[in-house]
Every structure is written in structure tokens, then in C-alpha cells.
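Participant: structure for the following, please:
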Amino acid sequence: MNQQQPVWVVILAAGLGTRMKSNWAKVLHRAGGLPLIEHVVRTAIQLVPPDQVYVVVGYQGDRVREAVSSYGVRFAVQTEPRGTADAVASTRSFLADCDGLLIVLYGDTPLLGPATLRRLLAHHQQSRPAATLLTMTLDDPTGYGRILTHPDGSVRAIVEERAATAEQRRIRRVNTGIYCFDNRKLWQFIHRIQPNNPAGEYYLTDIVELFDSAGLPVHAVELEDPTEALGINTRIDLARVDRILRERKAKELMLAGVTIEYPETVRIDVDVQVGQDTRIGPFAQLLGKTVVYEDVEIGAGTIVKDCWIGRGAMIHPYCVLADSRVEAGAIIGPFARLRMNCYIGTGAAIGNFVEMKNTRFGPGSKAMHLAYLGDAEVGAEVNIGAGTITCNYDGVRKHPTFIRDRAFVGSNVTLIAPVEVGPGSYIGAGSVITDPVPADALGLGRARQIVKEGWAKRRREQQAASATPNTNLEPPEGCSTQHT
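Facilitator: Prediction:
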């Protein structure tokens with residue numbers, strides 16, 4: 001956007017979040033598949049360049065940095081949790097001498113959209129007050145600071161609920177905690193804030209009354225959708241925000257031509273991409289940075305995380321896929337599992353109760369039942385029989401198995417890696433294969449069948465004889481044969 005003045009954004013992310021009852025900083029908890037702080041950073045960098053965004057860190061600061069440092073934002077440190085004004089003041093060495101405007105955001109408000117911030121900024125740039133507040137009107141304002149105004153509508157103070165009179169508590173217009181400041185005026189007054197509250201903290205809300213007392217105007221912009229300002233203090237709040245993000249994502253996809261059966265049951269992360277005419281069954285989960293192309297079927301209860309699914313593929317119900325790529329027209333499941341770097345070629349079929357790990361499975365190949373392929377490379381048009389497994393781990397290292405094009409592996413085969421099955425070769429059912437099988441050969445590794453005529457009849461006769469009771473046995477010493 002065309003900025004009349006430089007704009008800086010400060011995101012407060014140093015708090016402990018004690019009501020979350022967690023060993024993790026509050027802003028690292030996830031909603032919609034992303035840490036809360038990442039949502040806010042993404043919003044901020046749609047407004048200004050990343051190097052004009054400062055994230056104030058404190059508790060678990062290294063983890064918070066790690067979560068968003070890839071965006072190119074900058075960081076300031078609040079050494080002790082002494083309130084919101086103190087958190088903003090931690091950017092003094094970076095911003096106190098800068099002209100322009102400063103927007104204050106919170107790291108636990110992931111629903112706030114860039115359009116709202118643009119409207120806040122546009123009002124401030126046009127009116128040029130000392131500060132512009134983002135406010136909202138609630139049917140139930142319990143817990144929020146109330147907005148006190150002059151007859152002309154400008155803001156004279158923010159009064160916290162515990163300090164409000166009965167009359168003030170009836171005010172329904174409240175503070176969201178989001179501000180746009182004239183940066184120079186902010187730094188002229190922020191040091192005057194005193195910790196005159198039971199917590200002994202420095203509250204940024206107090207600067208509004210300081211501005212008003214100095215004759216500096218404070219304006220307010222009303223938030224059109226109060227859900228944007230929902231903050232997170234408890235796990236209940238987190239679940240509510242997560243649900244809103246997922247409802248938004250489901251609506252976005254359905255409007256783009258995706259069919260979602262029972263959308264209230266699915267879980268789709270915000271970064272997931274889904275193509276037109278794809279169908280998603282109930283209780284499915286599409287997570288992380290999954291990409292699903294057009295006309296794909298995602299069955300009920302299936303979980304797909306960080307995968308690429310090609311056009312026309314079918315993922316039957318109750319499959320689990322992670323970190324894998326499925327090419328066009330492939331069929332997976334039901335009850336199949338792909339994990340850690342699997343590649344399924346065009347038109348390949350992975351059936352029920354088949355697990356693959358770090359395996360490349362060629363186009364047109366089939367493993368339809370009850371198999372495990374780990375650290376394997378399977379060529380094109382290969383058949384893997386039911387019960388086949390690759391023994392890829394020797395207790396110390398993983399070893400590869402190579403099954404070349406058009407090979408036929410019979411049922412219940414055990415392939416002891418490292419081993420290679422040549423192109424066009426056959427492996428007989430029940431074999432244990434430890435050595436390479438050349439192209440177009442037959443590999444057998446099992447004991448020869450033995451048939452003993454009449455053995456079963458003789459065995460039954462022996463069992464019947466041993467079951468006949470012996471009535472000539474003497475009772476143990478000391479036991480009476482008489483019964484009373």
C-alpha cells in the first residue's frame with residue numbers, strides 16, 4: 001500500500017500464558033496447523049516489509065524466534081514480564097528515534113486480518129491523532145477494558161473492568177488492545193506510565209489518558225467482526241479459535257469447487273491446497289502443507305500430512321499418509337500407511353493393510369494386501385504378493401531392497417536386505433530371499449514339501465488312546481478311598 005509515513009509493527013509475544021497450564025509459551029500453541037505467533041507475523045508482513053516488524057520475545061524466546069525467523073522479522077527482548085507498556089518499551093533502542101507510525105499487535109490473536117489493519121492505518125494517516133485504537137462493541141463486555149469518550153467521540157481513557165464503576169461497566173464498547181501510534185508521541189509519553197495497579201505492571205492502556213491530559217487526541221476505529229480480536233488465554237479459547245480457522249478454510253475450499261462431506265467433522269490446515277472437484281469424506285484430516293490436485297477422492301477418516309496428491313488419485317478410507325508423494329491415478333488403501341519419503345507412481349495401487357516407508361513404488365505396480373516395504377525401490381508393473389515384507393534393519397543399519405520392473409513377488413515372501421530382484425523375475429510364494437535374483441529368473445528359498453501318507457490317521461489313533469482313563473491307579477498315600 002502507499003504509505004504516507006514509515007510504518008512499524010510491534011508484536012507482543014513475551015508472555016508466559018500461565019492460564020494455558022503448559023510448558024510451552026502461549027504463542028507457540030497451534031491453531032489451524034500453525035503456531036499462533038506465525039498467524040500474526042503473516043498478517044503483519046502483508047502490511048509492511050518484514051524488516052519493519054519487531055517481535056518482542058521473553059519466555060522461551062529462542063523457540064519463538066525459531067518459529068518465525070524464516071520470515072525475516074526482527075526481535076526485541078523483554079527480560080522480565082512487567083506489562084504491555086514495558087514490552088513495547090523493549091524496542092526503544094530500535095524505534096525511539098524513528099519518524100512514522102507504530103502498530104501494536106498481540107501474538108495470541110491469530111484471527112486478525114490485514115484488511116482490518118489497513119483500515120486502522122488509513123484512519124490514522126488521514127486524521128493524524130496521537131493514537132488510534134481498534135475497538136469493538138459486545139453484547140457481553142465482561143472482562144474487557146471499557147472505552148470512555150468525549151462528546152465528540154474521541155477517546156479520553158480506557159478503564160479496566162476491575163477498576164470500573166457500575167455505570168462504566170454498562171458500557172459495551174471495549175478495547176481490543178490493538179493500537180496505531182504516532183511513533184514520536186508514543187516515546188515521549190511511554191516512560192510516564194506508572195505501575196499503579198495490583199500487579200505492579202506497566203499497562204499500555206494508561207497512555208491513552210496521558211495523551212488526553214496533554215490535549216493530544218485519541219481516536220477509535222470500530223472492528224466490524226469481533227471474532228477477529230479473539231485472544232487466547234486458555235485451552236478452551238484455543239479450541240474455539242482453531243474451530244473458526246478450520247471453518248473458514250472449509251468454506252474457502254467449498255466455494256472454490258471442493259466437495260466436503262460433513263464439513264463440521266473435517267480438519268484442514270490453513271496452508272493446505274485442494275483442487276477443484278476433489279471430494280473429502282467425513283472426519284478426514286489434511287494437514288501441514290499438503291497439496292491435493294483436481295478430482296481426488298479422500299476417504300473418510302483418512303489423515304494426510306505434508307503430502308502431494310496427484311490428479312485423479314483415490315485415497316480410500318482410514319489411510320495415514322505423511323511426507324509422501326502420490327502421482328496421478330494411484331489408488332491407496334483402505335487402511336494403508338505411507339510414511340517418510342514414499343513415492344507412489346502413476347496408476348500404482350497400494351491396498352489394505354500395506355505399509356511403506358522411504359520407498360519408491362513405480363507406475364502401475366501393485367501391493368494389494370498385508371505387506372511391508374521399507375527402504376525399497378520398486379520398478380514399474382511389479383506385483384507384490386500378500387504378506388511380503390522387506391527385512392531392512394539389521395539391528396544397526398537400514399539396508400535397501402531393489403525390485404526391478406515387471407518382477408512378480410509371490411505371497412508371504414521375505415526379502416532380506418540388501419538384496420535385488422531382477423527385472424521380469426519371479427519369486428515363489430513363501431520364499432526367504434537373501435541373494436540377488438537375476439533378470440527373468442525364478443527365485444525360491446523355502447523347504448521342500450514332504451507328504452507322509454496315513455500320518456494324520458495314525459496321529460488321531462494315538463491321541464484317542466492317550467485320552468482313555470486308567471481305572472487301575474492307586475490313590476496317593478494318605479488319601480482315603482471312602483466318601484462321606
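Participant: what is the helix or strand containing Cys180 packed up against?
Facilitator: Per DSSP states H and E, Cys180 falls inside strand 173-182. If contacts are counted by 3 or more CB pairs under 8 Å, 6 or more residues apart in numbering; DSSP states H and E, strand 173-182 sits against strand 101-106, helix 114-127, strand 131-137, strand 146-149. C-beta here means a position set from N, CA and C on the backbone, and glycine is covered the same way.
Participant: ranges for the helices of the chain?
Facilitator: For the chain, helices defined by DSSP state H occupy the ranges 36-44, 61-68, 84-89, 92-95, 114-127, 166-169, 183-189, 206-213, 235-255, 455-466.
Participant: redo those as CSV? Include mean neighbour count.
Facilitator: Written out in CSV, the entries for those read as follows (neighbours: other CB atoms under 10 Å):
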stretch, mean neighbour count
helix 36-44, 25
helix 61-68, 18
helix 84-89, 24
helix 92-95, 14
helix 114-127, 17
helix 166-169, 11
helix 183-189, 19
helix 206-213, 21
helix 235-255, 16
helix 455-466, 9
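Participant: now those in a markdown table, with distance to Gly312?
Facilitator: Formatted as a markdown table, the helices of the chain follow (distance: least, CB to CB, whole Å):
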| stretch | distance to Gly312 |
| --- | --- |
| helix 36-44 | 32 |
| helix 61-68 | 36 |
| helix 84-89 | 52 |
| helix 92-95 | 52 |
| helix 114-127 | 36 |
| helix 166-169 | 60 |
| helix 183-189 | 55 |
| helix 206-213 | 59 |
| helix 235-255 | 18 |
| helix 455-466 | 53 |
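Participant: among these, which comes closest to Thr149?
Facilitator: helix 206-213 (10.2 Å; CB to CB).
Participant: quick check: angle from the closest one to strand 173-182?
Facilitator: Angle, helix 206-213 to strand 173-182, by axes from the mean of the first three to the mean of the last three CA atoms, to 10 degrees: 70 degrees.
Participant: contact partners of helix 206-213?
Facilitator: With CB atoms under 8 Å, 6 or more residues apart in numbering as the test, helix 206-213 has contacts from 85, 130-131, 133, 155-158, 185-186, 189-190, 192-194, 196, 217-218.
Participant: just the buried members of these?
Facilitator: By neighbour count, with 16 or more other CB atoms under 10 Å, the contacts of helix 206-213 hold 85, 130-131, 133, 155-158, 185-186, 189-190, 193, 217-218 as buried.
Participant: thinking again about what came up before, a markdown table for the helices of the chain, including mean pLDDT and distance to Tyr318?
Facilitator: Converted to a markdown table, those look like this (pLDDT from 0 to 100; distance: least, CB to CB, whole Å):
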| stretch | mean pLDDT | distance to Tyr318 |
| --- | --- | --- |
| helix 36-44 | 98 | 30 |
| helix 61-68 | 98 | 32 |
| helix 84-89 | 97 | 47 |
| helix 92-95 | 97 | 52 |
| helix 114-127 | 97 | 39 |
| helix 166-169 | 93 | 52 |
| helix 183-189 | 97 | 55 |
| helix 206-213 | 96 | 55 |
| helix 235-255 | 98 | 20 |
| helix 455-466 | 92 | 42 |
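Participant: right, and the ones you listed - which one's nearest Phe402?
Facilitator: The nearest among the helices of the chain, by CB to CB, is helix 61-68 at 38.7 Å.
Participant: chain center to that closest one: distance?
Facilitator: Chain-centre distance of helix 61-68: 17 Å, with CA atoms, centre = their mean, to the nearest Å.
Participant: quick one: it to helix 36-44, angle?
Facilitator: Put simply, helix 61-68 runs at 50 degrees to helix 36-44, going by the same axes, to 10 degrees.
Participant: contacting residues for Val159?
Facilitator: Val159 neighbours (CB under 8 Å, 6+ apart): 145-146, 148, 168.
Participant: still on that earlier bit, out of the helices and strands packed on strand 173-182, which is closest to Ala467?
Facilitator: strand 101-106 (80.2 Å).
Participant: paired strands for the closest one, with orientation please.
Facilitator: strand 7-13 (parallel), strand 173-182 (antiparallel) (DSSP bridges).
Participant: possible to save these as TSV with distance to Ile236?
Facilitator: Output for these, formatted as TSV (distance: least, CB to CB, whole Å):
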stretch	distance to Ile236
strand 7-13	21
strand 173-182	19
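Participant: domain assignment for this protein?
Facilitator: 7-229, 249-443 (automatic domain parsing).
Participant: one step back: so which of the strands paired with strand 101-106 is nearest Tyr393?
Facilitator: Nearest of the strands paired with strand 101-106 (CB to CB): strand 7-13, 42.5 Å.
Participant: sorry, back to before: minimum distance to Arg240: which of the domains of the chain has it?
Facilitator: domain 7-229 (9.2 Å).
Participant: grab the nearest non-local neighbour of Tyr352.
Facilitator: Actually, residue 352 is Asn rather than Tyr. Once flanking residues are discounted, Asn352 sits nearest to Phe335: 4.9 Å by CB to CB, 6 or more residues apart in numbering.
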